[in-house]
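Q: This is a predicted model, with the sequence first.
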Amino acid sequence: MKYEVIFCIFALVLTAGVVGAFAWALLGHSKGGRAEEARTADNLAGLREEYAHLVEQQAAGRLTQSAFAEREDELALRVLEETEETKDSADPSQVRKDADNARTSLITTAAVAVMIPATAVGAYLWYGDFSALDERAVEQVRLAAQAAKSERDMQGTMASLEKAVQSNKDNLEAWELLAEQYNATGNLSQAAIAFENVVRLAPKNANAWAELADLTIALNPSDLLKAGEMAEKALAVDPWHQKGLMIGAAAAFERGDYAHAAVLFDRLRKQIPAGNEVHDALTQQIEMTLAAGGLKAIPKDDVGEKPETDLEKMMKLGGGMQQAPERGQDGVGLNPLKR
């Protein structure tokens, strides 16, 4: 900690010195203008004193009339020269120019005073050791650096994947990764192209069909019916795909197939717990669909009940194992205490 304080003080002194040097170089010309005015005033005062002394010498008889006249002419010329320089410096256009230069110098000095410390701090935080900062600041710097590195790594990965599909348009894995990353980063048009290639190479990929349907609506909301066709292809592979059910039901409702829309909305509702806002919204949508189609009840769903997933089966098995007898009891393994 001691060395870090010394380092900070030394850095502040150097920064102040650099800023001062810039300020001196930028503002020095305005001081030079004021010094020139003072010099002219001093010269004129000196000439007045010299003329008064000349008059005294001529009155005392120590200077002839011709010598007095010659010296008087010389002093008059010098006065004219000094006043001419003063007149030039007082020219309105020159005054405005000097004022503009002074303002520009002040603004530049202020900018330098901010830029140099900010650049120094930024360079130190980027390349140096920021462990002396507050813990929250350290965490923010670490997260920012990590995010920047992740972004650079992702850009490199994306470039590699794009080269891979350019050299081999049937590289399914590369198209899948590109589709996911394009979709995640909001590059929807490229994501749609990538998902089109995914379903071209893997037509049984229900998730790819559903994502392609979703992207079709996002890119052009008027293409709901086209998106519905893609959703139906997703449902042909996985009848319980939630995004496919939502888009397929909305498309069926749009084309007036209210019976099919009610079946798909109901199949989606069966996967949402009762009391959930989404469950309630689907119930209202089903009622509206039945009313629009003049239906008294939801038609029979030929798909039947949703089969249990592997995860649900494992959860059930896990619950049964928790109630299983401990090892060593009768019928479970060996109990060395029982012969």
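A: Arrived safely, thanks for sending.
Q: in the stretch 201-339 of the chain, which spans are strands?
A: Taking DSSP state E, counting those that start in this stretch, the stretch 201-339 of the chain contains no strands at all.
Q: Run through it and note the low-pLDDT ranges.
A: Scanning the stretch 201-339 of the chain for pLDDT under 70 picks out 312-313, 315-316, 318-339.
Q: quick one, helices of it?
A: 206-219, 224-237, 242-254, 258-269, 277-293, 310-322 (DSSP state H, counting those that start in this stretch).
Q: and of those helices, who's closest to Gln166?
A: Minimum separation from Gln166 across the helices of the stretch 201-339 of the chain (C-beta to C-beta) falls at helix 206-219, 20.4 Å. Every C-beta, even on glycine, is put in place using the N, C-alpha and C of the backbone.
Q: which strands and helices sit next to that closest one?
A: Counting contacts by 3 or more C-beta pairs under 8 Å, 6 or more residues apart in numbering; DSSP states H and E, helix 206-219 packs against helix 172-184, helix 188-201, helix 224-237, helix 242-254.
Q: Which of those has the highest mean neighbour count?
A: Counting by mean count of other C-beta atoms under 10 Å, helix 242-254 has the highest mean neighbour count of the helices and strands packed on helix 206-219, with a mean of 22.
Q: what's in contact with that helix?
A: The contact list for helix 242-254 (C-beta atoms under 8 Å, 6 or more residues apart in numbering) reads 206, 209-211, 213-214, 217, 224-225, 227-232, 234-235, 238, 258, 260-261, 264-265, 267-268, 271, 285, 289, 292.
Q: how about a cut-off of 7 Å?
A: 206, 209-210, 213-214, 224-225, 227-228, 231-232, 234-235, 260-261, 264-265, 267-268, 271, 289 (C-beta atoms under 7 Å, 6 or more residues apart in numbering).
Q: Can you give the domain ranges for the protein?
A: The record's domain split for the chain, according to the TED database, is 1-89+97-127, 168-305.
Q: pLDDT averaged over the shortest one - what is it?
A: Taken as a whole, domain 1-89+97-127 has a mean pLDDT of 67.
Q: could you dump the helices and strands packed on helix 206-219 to a markdown table with distance to Ala67?
A: A markdown table is the format used below for those (distance: least, C-beta to C-beta, whole Å):
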| stretch | distance to Ala67 |
| --- | --- |
| helix 172-184 | 99 |
| helix 188-201 | 98 |
| helix 224-237 | 111 |
| helix 242-254 | 112 |
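Q: Of those, which is nearest Val303?
A: Among the helices and strands packed on helix 206-219, the nearest to Val303 by C-beta to C-beta is helix 224-237 (8.9 Å).
Q: Counting by contacts, list what that closest one packs against.
A: If contacts are counted by 3 or more C-beta pairs under 7 Å, 6 or more residues apart in numbering; DSSP states H and E, helix 224-237 sits against helix 206-219, helix 242-254.
Q: Contacts for it next, please.
A: Residues outside helix 224-237 that contact it (C-beta under 7 Å, 6+ apart): 204, 206, 209-210, 212-213, 216-217, 241, 244-245, 247-248, 250-252, 254-255.
Q: Out of the helices and strands packed on helix 206-219, flag the one nearest Ala281.
A: Across these, Ala281 has its closest neighbour in helix 242-254 (11.0 Å, C-beta to C-beta).
Q: tilt between the closest one and helix 206-219?
A: Relative orientation of helix 242-254 versus helix 206-219 (axes from the mean of the first three to the mean of the last three C-alpha atoms, to 10 degrees): 50 degrees.
Q: can you list contacts of stretch 294-311?
A: For stretch 294-311, contacts defined as C-beta under 7 Å, 6+ apart pick out 239-240, 258-259, 262-263, 266-267, 270-271, 286.
Q: hmm, try it at 8 Å
A: Contacts of stretch 294-311 with the rest of the structure, by C-beta under 8 Å, 6+ apart, involve 239-240, 258-259, 262-263, 266-267, 270-271, 286, 289-290, 316.
Q: Okay, buried residues for that stretch please.
A: Buried positions in stretch 294-311, judged by neighbour count with 16 or more other C-beta atoms under 10 Å: Ile298.
Q: cool, stretch 210-224 as well?
A: Buried residues in stretch 210-224, counted by 16+ other C-beta under 10 Å: 210-218, 223-224.
Q: Pick out the most distant pair among those.
A: Greatest spatial distance in the buried residues of stretch 210-224: Glu211 and Leu224, 15.7 Å, computed using C-beta to C-beta.
Q: show me what contacts the closest residue in space to Leu212 that isn't next to it in sequence?
A: Leaving aside its sequence neighbours, Leu212 sits nearest to Phe195 (C-beta to C-beta, 6 or more residues apart in numbering; 4.2 Å). Residues in contact with Phe195 (C-beta under 8 Å, 6+ apart) are 179, 183, 208, 211-212, 215.
Q: returning to what we had before: could you export the helices of the stretch 201-339 of the chain to a markdown table, including columns for distance to Lys163?
A: Shown next, in a markdown table, are the helices of the stretch 201-339 of the chain (distance: least, C-beta to C-beta, whole Å):
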| stretch | distance to Lys163 |
| --- | --- |
| helix 206-219 | 22 |
| helix 224-237 | 28 |
| helix 242-254 | 31 |
| helix 258-269 | 40 |
| helix 277-293 | 42 |
| helix 310-322 | 36 |
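Q: and of those, who's closest to Glu56?
A: helix 206-219 (100.7 Å).
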